[in-house]
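Undergrad: Just need the structure, nothing else, for what follows:
(2 chains)
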Amino acid sequence: MAVAVDVVEVSKRFRLYQEKYQSLKERVLHIGRNPHEDFWALRDLSFEVNEGETVGVLGRNGSGKSTLLKCVSGILQPTEGRVVVRGNLAALLELGAGFQPELSGRDNIYLNASLLGLSTREVDRRFDEIVAFAELEQFIDNQVKFYSSGMFVRLGFAVAVNVDPDVLVVDEVLAVGDENFQRKCLARIKEFQDDGRTILFVTHSADLVRVICDRAVVLSSGTMLGMGPAAEAIRLYHDHLLEAGSAVDTGFAADAPHPEPASRPVRITGVELDHPGLGSRPYLLPHEALTVHIDYETAAGADNVIVAMEMHDRQGKLVFGSDNFVLDQPVDLPPGRGRVDLTFDRMPLLEGAYTVAVAIKSYLGVVYDLHEQEGFEVMNPGRARGSVALDMRIDVRAASLS
Amino acid sequence: MTELRSEAGHEHGAGPGEQAAPVLIGEHERELAARAARAAARGSKPTRIVAARTNVWRRFGELWRSRELFGFLVRKEIKVKYKNSFLGFLWSMLNPAMNLAVFYVLFTYFLPNGIPNFVIYMFSAILVWNLFLTAVLTGTSTIVNNGGIVKKVAFPREVLSFASVGSSFMFFLFQGIVLIAFMVVFWHRPAWADMWLLVPALASIVVLASALSVFLSAVNVYLRDTQHLVEVILNAWFWATPAIYRFSQAATELKRHHLLWVYFLDPVVPAVMTFQRVFYAVPVARSTVKPHALESMLATYGVHWYVFADLTVLGVSLILLLGALVVFGRLEGNFAEEL
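TA: Numbering: from 1, shown residues only, chains lettered A, B, ... in the order given. Reported below is the predicted structural model:
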């Protein structure tokens, strides 16, 4: 498999000045004394992205994600190392960057497309498609300064995705726009994947990575924590977030503050999935029972906690999520170790692989601990199709001719 | 760095789903292979390397591929300046026209300097000078002013500097219309036979202005007062060209001290003199101050001298431009963080 983006030992150093002297006068006045600190935004990063692959870059704010993308797209040059890109690259770092408010939408399409490296002939050919994608048919000859922010962003995205890149670099831009437009963007990205284009995708949303990416890189303060299949990388990312004591931004309790590991009132020491056939086969049959055992440890005990679970399918779609709060069943955890069982008497699933995530939170939503690495599979012994096991009965009632 | 796939098997093999996973991964890999095949089917792709040092020739290649962008940027400058209004560019002609009218009255009635049709004499010089001035001034600040694009889009940034020279050239053409209008009003005949001299003269000025724009636009990112400094220098520089005074006045004075060569160190002078030769085209005339004396209005050099001088400036400017592009390439790497 050919490599589309080869990041070779890339480091990027920024100089942080206490006070930046940006004029000749100041430089002369302060000659020889301009104290600065070196800050390595990226440190010795190496990875490869194969052609046709979609790779996510996960990391918290300030972990170097955007710097990495800027180095890959050539906006910044790495201090050390190099990035080799095979094919035309388009970077969606900021939608509508370079739009001139005084110019019409039409002029801006041409200007922006040529900034991104598209020839006039190509723009002529795709013009209608771009306008249709941006849903701006009526306004295309208006000056861009009269556009709403939504129109602005739509036009930016429409131009960028029509640049026909071999490698697309996307930075959190999908977070903008209304839901309808986001869906369209995602559909477009899927199209890109089907065309065999390479996508490098920066986000701090693990859900998006689960939906879109084949593999993901996890960054932390400029170094690489790891790279692997999306689900594994997400687990690593979440572990890292917990260690760093920051909020988990997916699934459970977005933006909830998290206590330091040492001071966690409750820790999950293990999660096990149990089903009747476990001894003989590793998978579930439709309508079998499933129990999730959660082993916990709490030094001081915790009253009125929330025990929550979520089940995702392989595509990252939430299949089921619930907690004792939903069931209106208070849970108090006495001091020491113990086990909470979540039992499903009948799992109405027909087929597929599912991941199970569990969390123990305070009743205010502070995540005490989170465990996201268990999974199970359902095998369908019959010939019905689909993922949900529904009971269907067929009755034939012949109406007699009379 | 950890390779997660291998690690996963050891640590988390307990889940029943993990054991059946190979089937799914296999499917996934098939899909990836299919995508890669489609990627390969799209044909050969150019390889680009982002590193601290890039090859000069590669840069030139990228610059050449951006010529359409250059056109759009020039068009943008003009459209933005005239706010899309059709009559907008008339306004840019009104200003020099007004200046000319004022100078005409001033130097004919109040401060006569001996040069007949002085307005034509002066404006043929100022036309070239304004091209140089606006190109260098707008060029110097272009990277800083377009920081929004420079920080967010990857493209050869030199194009911005060239585009300011390009749009200055368009304004030069508009102002040329004013000069032609005045020549018609005064019924002043240009030197038709020498018109071709404008080509080397313009080439020398455009390349010189490009070299300075490219160099100064990069420097201005790091030293923000460069643009003010340039403004001051250009203000003084103007007087080193024979626009308000006669060339012979300066030449006689300098020759006395054997310093005439210093005058020709100014690379703008040959182009200015060429324009005056072509548009003013009166080498010797009766002075308007001393009615009986014949004075030389223009230099008495032959056509060959003009060609030689313009081509020398062009040659030197080309070398300067090459140097400026190399310097630009060195400084470009940190633009996005300095802006």
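Undergrad: So which residues of the stretch 151-300 of chain B form helices?
TA: Along the stretch 151-300 of chain B, counting by DSSP state H, counting those that start in this stretch, helices occupy B:158-186, B:198-222, B:226-237, B:247-256, B:260-263, B:268-275.
Undergrad: Go through the ones you listed and pick out the most buried.
TA: helix B:268-275 (a mean of 25; mean count of other CB atoms under 10 Å in any protein chain shown). (Glycine included, C-beta is placed from N, CA and C.)
Undergrad: between that one and helix B:198-222, how big is the angle?
TA: Orientation check (axes from the mean of the first three to the mean of the last three CA atoms, to 10 degrees): helix B:268-275 against helix B:198-222 gives 150 degrees.
Undergrad: picking up where we left off before, which of the helices of the stretch 151-300 of chain B sits closest to A:Ala302?
TA: Nearest of the helices of the stretch 151-300 of chain B to A:Ala302, taken as CB to CB: helix B:198-222 at 56.1 Å.
Undergrad: residue in the stretch 101-250 of chain A nearest to chain B?
TA: Nearest residue of the stretch 101-250 of chain A to chain B: A:Gly228, at 2.6 Å (CB to the nearest CB).
Undergrad: In three-state terms, label that residue for me.
TA: strand (DSSP: H, G, I helix; E, B strand; the rest coil).
Undergrad: longest strand anywhere in chain B?
TA: Ordering each strand of chain B by length in residues (DSSP state E) puts strand B:47-51 first.
Undergrad: wait, does it contact chain A?
TA: Yes - residues of strand B:47-51 contacting chain A under CB under 8 Å from any CB of the partner chain: B:Thr47, B:Arg48, B:Ile49, B:Val50, B:Ala51.
Undergrad: other SSEs contacting the helix or strand just after that strand?
TA: Counting by DSSP states H and E, the element after strand B:47-51 in chain order, helix or strand, is helix B:56-65. Under the contact criterion of 3 or more CB pairs under 8 Å, 6 or more residues apart in numbering or on different chains; DSSP states H and E, helix B:56-65 touches helix B:158-186, helix B:303-332.
Undergrad: domains for the chain, by residue range?
TA: I'll assume chain A. A:3-237, A:251-378 (automatic domain parsing).
Undergrad: I was thinking of chain B, sorry if that wasn't clear
TA: According to automatic domain parsing, chain B comprises the domains B:4-41, B:56-338.
Undergrad: among these, which is the most enclosed?
TA: Most buried among the domains of chain B, counting by mean count of other CB under 10 Å: domain B:56-338, with a mean of 18.
Undergrad: ok now that domain, how far from the chain's centre?
TA: 9 Å (CA atoms, centre = their mean, to the nearest Å).
Undergrad: And the pLDDT at the closest residue to B:Val219 other than its chain neighbours?
TA: Once flanking residues are discounted, B:Val219 sits nearest to B:Thr226: 5.2 Å by CB to CB, 6 or more residues apart in numbering or on different chains. In this model, B:Thr226 is scored at 89, pLDDT.
Undergrad: Does B:Thr226 touch B:Leu216 like I think?
TA: Yes - judged on CB atoms under 8 Å, B:Thr226 makes contact with B:Leu216 at a distance of 6.0 Å.
Undergrad: Any chance you could list residues touching both of these two?
TA: Residues touching both B:Thr226 and B:Leu216 (CB atoms under 8 Å, 6 or more residues apart in numbering or on different chains): B:Thr140.
Undergrad: Can you list the strands that the longest strand of chain B pairs with?
TA: With DSSP bridges as the test, strand B:47-51 is paired with strand A:80-86 (antiparallel).
Undergrad: rewinding a little: are any of the residues of strand B:47-51 next to chain A buried, and which?
TA: B:Arg48, B:Val50, B:Ala51 (16 or more other CB atoms under 10 Å in any protein chain shown).
Undergrad: which one among the residues you listed gets closest to A:Gly59?
TA: B:Val50 (20.0 Å).
Undergrad: Could you list the low-pLDDT ranges of the stretch 201-350 of chain A?
TA: Along the stretch 201-350 of chain A, segments meeting pLDDT under 70 span A:204, A:207, A:242-263, A:315.
Undergrad: Cool, thanks, talk later.
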